[in-house]
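>>> Need a 3D model of the following:
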Amino acid sequence: MIKEILLLGNEDLYKKSLPVEKGEMDAIEKTVSDLHDTLIDFRKKYNAGRAVAAPQIGIFKRLIYMYIDKPMVFINPILKFDNNEMMEVMDDCMSFPNLLVKVKRYKKCIVMYKDINFMDKTIKFQGDLSELIQHEYDHLDGILATMRAVDNRSFYLKNKGV
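Predicted structure coming up:
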């Protein structure tokens, strides 16, 4: 079911999410389905959107749904960085669809998480996927890209039709 995405200014976006417990997996499967539907709907409207975190639809659990070439579910993710190499990127967000924010992110990261079967997994990301998972992970801790802006001149409105 398509859910309403919490928008910039909604105080709930700053809440820290709780870990998913194994006994909650039936509810999590429903949430994953809702995250999928919401992401696909956002893509149709904005021609953008690669991932969404559960807090963005008001579910305060440590859950990220990513759909690029195939769906991926990250339950209780933990990020690690094996070096300090950073990159500056223009970050966008489903919670503020017409705004870009210049932020710094790690070029590479390692994600340890549980999959939809609650099995331990590890994956490495670099470049834009590293940036993406860091952005979504921040949502789990109530951190928005606006809070990571490089400086107070790092905000840009998207052009109409972009």
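
>>> residue ranges with poor pLDDT in this protein?
The chain contains residues with pLDDT under 70 at 160-162.

>>> ranges for the helices of it?
For the chain, helices defined by DSSP state H occupy the ranges 25-46, 128-140.

>>> close enough to count as contact, Val103 and Thr146?
No - Val103 sits out of contact with Thr146 when judged by Cβ atoms under 8 Å, with a separation of 9.1 Å. For the C-beta atoms, the positions are set from N, CA and C on the backbone; glycine is no exception.

>>> which one of these two has more residues nearby?
Neighbour comparison, Val103 and Thr146: the larger count goes to Val103, with 22 against 17 (by other Cβ atoms under 10 Å).

>>> Could you tell me how many residues sit around the closest residue to that one other than its chain neighbours?
Closest residue in space to Val103, ignoring its immediate chain neighbours: Arg148 at 4.4 Å, by Cβ to Cβ, 6 or more residues apart in numbering. Counted by other Cβ under 10 Å, the residues lying close to Arg148 total 17.

>>> Distance-wise, check Lys61 relative to Glu24.
With distances taken as Cβ to Cβ, to the nearest Å, Lys61 is found 8 Å from Glu24.

>>> Give me the neighbour count for the closest residue to Val73 other than its chain neighbours.
Nearest residue to Val73, sequence neighbours excluded (Cβ to Cβ, 6+ apart): Ile116, at 4.7 Å. Using other Cβ under 10 Å, Ile116 has 15 neighbouring residues.

>>> mind listing what Ile116 touches?
Residues counted as contacts of Ile116 (Cβ atoms under 8 Å, 6 or more residues apart in numbering) are Ile28, Glu29, Val32, Val73, Ile75.

>>> can you rerun that using 10 Å?
Each residue near Ile116 by Cβ atoms under 10 Å, 6 or more residues apart in numbering is listed here: Met25, Ile28, Glu29, Val32, Tyr65, Pro71, Met72, Val73, Phe74, Ile75.
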